[in-house]
Each structure stands twice: as structure tokens, then as C-alpha cells.
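> With the input below, show me the fold.
(one chain, ligands or ions: 2)
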Amino acid sequence: MLHTRTTPAERRRALRERLELDRLLMMPGALNPLSARLIQDTGFEAAYLSGAVLAADLGLPDIGLTTSTEIAARAQQTTRATDLPVLIDADTGFGEPMNAARTVQLMEDAGLAGLHLEDQVNPKRCGHLDGKSVVAREEMTRRIRAAVDARRDPEFLLMARTDARAIEGLDAAIDRAKAYVDAGADAIFPEALADEREFEAFRAAVEVPLLANMTEFGKSRLLDARTLQNLGYDIALYPVTLLRLAMGAVEDGLRTLAAEGTQESLLPRMQTRSRLYELLGYADYSAFDSAVHDFTLPPGA
Ligand SMILES: C[C@](O)(C(=O)O)[C@H](CC(=O)O)C(=O)O
Ligand SMILES: [Mg+2]
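Numbers count the residues shown, from 1 in each chain. Ligands and ions are numbered 1, 2, ... in the order given. Below you'll find the model as predicted:
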């Protein structure tokens, strides 16, 4: 009731142990705290908080406008709504290496299981758009070392993302990834790889867990879970999938409501009141205090 009883330490252990299994971990991005609970309820074992989604949620583009404290606040709301380990997108760390260090501590305090830091310059952009720039390899290794030093819980996962594939080519991106592992990164996120051959080359070169970003309408082909598993990937990321699904449904619904003057035809597509209440755990509150839950729903609700 009210919130999860799973501690940050338990989530971090769960993620670490899950990554030791030889089985792909599918990680959908939550679009709000309640959707993180739905991710758990539908059987996924971890959730993600996407920088693109956190920005879009505020009506902003994904160009580094959000602040570390803003995303930490949303992260804390999210980790309270689910027991799952949650990995967050910490963009470039929000400034200099010392800002990355502070970001790590804020994210630890928010109960997250880990974060990823990328090697783009500020202002950053979506990894699947043209015109990105990356900082020098040495600067990114400083960023990572600062993050590693700042981390208080050694189980908190520090993942390094490289955006270099689109700028410097595959070999340079692989070299960067190796340098980032040497600097202390626990896992690697190779951004915007084109095809299976490139995913394979990364896997052959890097020992630590690897994340495959299956974001829609981007530069990477959408490989299915079986293919990614066979390629030896550890995490399949669906960062913006829920937001895109929800916004598609919301936009269609708004147009229908405006055109038809009633939402009647939309009812079959809606989450029902009873399903929402089930997800919110109304029954648990009633066990605590029967006065909270002393109603019956109308049929079909
Ligand atoms: C993973 C990502 O960093 C995110 O913020 O979710 C984005 C996703 C997207 O914009 O599609 C990225 O790949 O840069
Ligand atoms: Mg991002």
C-alpha cells in the first residue's frame, strides 16, 4: 500500500543478478510513475526512464533543457510506484564531470538501480538525429571516473553510452567503449548502430553487458528479442515506445471526441475503471481501512 517496500539495494542487486543470466532483459521506458507499475504488472523485470520522455512530458525537446534535479524528482516518484529496478537516462551528466558526479548521487538517492551517461557535447540531441557531436575520449573518461568516484553504492549500475558511431565510425565507437570500460563503466550502450553486423561487432569487442536501443523511427533496425538474444545482447531498450503508443491513442481519441461529440465509440479502447483501480491497489487500502473502499462498481465499469 502507498508505496513499494523494495529497497534501492534490493533493486540494484536484482538488476546485477539479472544481468548475470544469459537471457535478454527487455526494458520498456515508463511514461509516468503509474505506467512503471503497469510495466511490472505485465511481467517485465526492469523499467527505464528516458530523457526524451522526461523532456517530452514537460513539452520540451530532448536537447538537454531538463535539469538533474528535475529528473531526480520524477525518478523518485517512479521508484515509489514500482518494485522494479529502474535505469535512468542521465544524458551527458548535465555539465562538467563534477556535475556528472552530483548527478550520480542524486540518482542514487532517488532509489534508481543505475544510470547511463553519454559522450555527447552540451547541448545534446537525440542519438538518432544527424548533426551530433561528441566530446574528446579523454573528457568522457573523466566524466565516467567522476561518476565512479561519486557513487556510494558499488551495486548502482554505471553505464556509458557512446554516440560516436554516427560521427567517427564503428571502429572508433568500439575503441571508445573499451576506454569507457577501463575508466570504470559497468555496461555499454552503443547508440544508433545500423544493423545486425554492427551489433555483432560490438558484442565481439566488449566484455561487459551491452544495451541495444530499439527506439522507433530511428537509425537502428528494430531487431526482435530473439535476434538480440542470439547476438548476445543483455538489455533491449524500448525507451519511448509507451509514450508514442499513449500519445497516438490520446490524439486519435481527442479527434474522435471532437468529431463525434461523445467518447462512446472509444470505450472499448479505454482502460476500465476497475482495471485502473486494480492497478492502483484499491483493495489493499480497503484492507487497511474499510471505509476507503466501501463501494461497489457499476457493471462493466
Ligand atoms: C534513448 C534516448 O536517449 C532516450 O532519451 O530515450 C533517445 C530515444 C529517442 O529519442 O528515440 C535516443 O536514442 O537518443
Ligand atoms: Mg536520451
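> I'd like the average pLDDT over stretch 241-257.
On average, the pLDDT along stretch 241-257 is 98.
> Can you list the buried residues in it?
Using 16 or more other Cβ atoms under 10 Å as the test for burial, stretch 241-257 gives 241-244, 256. The C-beta positions use only the backbone N, C-alpha and C, and glycine is treated the same way.
> closest to ligand 2 among the residues you listed?
Of all the buried residues of stretch 241-257, ligand 2 sits closest to residue 243, with 12.3 Å by Cβ to the ion.
> which residues does that closest one contact?
By Cβ atoms under 8 Å, 6 or more residues apart in numbering, the contact set of residue 243 is 29, 31, 50, 52-53, 56-57.
> So it: helix, strand or coil?
Here residue 243 is helix, with the state taken from DSSP: H, G, I helix; E, B strand; the rest coil.
> re the thing from before, looking at the buried residues of stretch 241-257, spot the one nearest residue 200.
Nearest to residue 200 among the buried residues of stretch 241-257 is residue 241, at 23.9 Å by Cβ to Cβ.
> Give the burial count for the closest residue in space to that closest one that isn't next to it in sequence, as a bare number.
Residue nearest to residue 241 in three dimensions, not counting chain neighbours: residue 28, with 6.0 Å by Cβ to Cβ, 6 or more residues apart in numbering. For residue 28, the neighbour count with other Cβ atoms under 10 Å is 22.
> which SS class is residue 28?
Here residue 28 is recorded as strand under three-state DSSP.
> which parts of this protein sit against ligand 2?
Contacts of the chain with ligand 2, taken as Cβ under 5 Å from the ion, map to 51-52, 89.
> ok, residue 108 to residue 288 distance?
31 Å (Cβ to Cβ, to the nearest Å).
> what about those two, which has more around it?
Counted by other Cβ under 10 Å, residue 108 and residue 288 do not tie: residue 108 has more neighbours, with 20 against 12.
> Okay, and that one sits in which element?
Residue 108 is part of helix 97-109, with elements assigned from DSSP states H and E.
> Equivalent analysis for residue 161, please.
strand 157-162.
> Packing partners of that strand?
Applying 3 or more Cβ pairs under 8 Å, 6 or more residues apart in numbering; DSSP states H and E, one finds that strand 157-162 makes contact with helix 8-20, strand 114-118, helix 137-150, helix 170-182, strand 187-190.
> buried residues in stretch 107-119?
Neighbour-count burial for stretch 107-119 flags 107-108, 110-119 (criterion: 16+ other Cβ under 10 Å).
> For ligand 2, what's the nearest residue on this protein?
Going by Cβ to the ion, ligand 2 is nearest to residue 51 of the chain, at 3.3 Å.
> Look up the closest residue to that residue, ignoring the ones flanking it.
In space, residue 51 is closest to residue 89, 3.9 Å off (Cβ to Cβ, 6+ apart).
> Please look at that neighbour and residue 239 and confirm they touch.
Yes. With contacts counted by Cβ atoms under 8 Å, residue 89 reaches residue 239, the gap being 7.3 Å.
> ok, residue 285 - how many residues close by?
Using other Cβ under 10 Å, residue 285 has 16 other residues around it.
> Now that we're looking at it, what pLDDT does it have?
Listed pLDDT for residue 285 reads 87.
> give me the element it is part of.
helix 282-288.
> so what secondary structure elements neighbour that helix?
By 3+ Cβ pairs under 8 Å, 6+ apart, helix 282-288 packs against no helix or strand.
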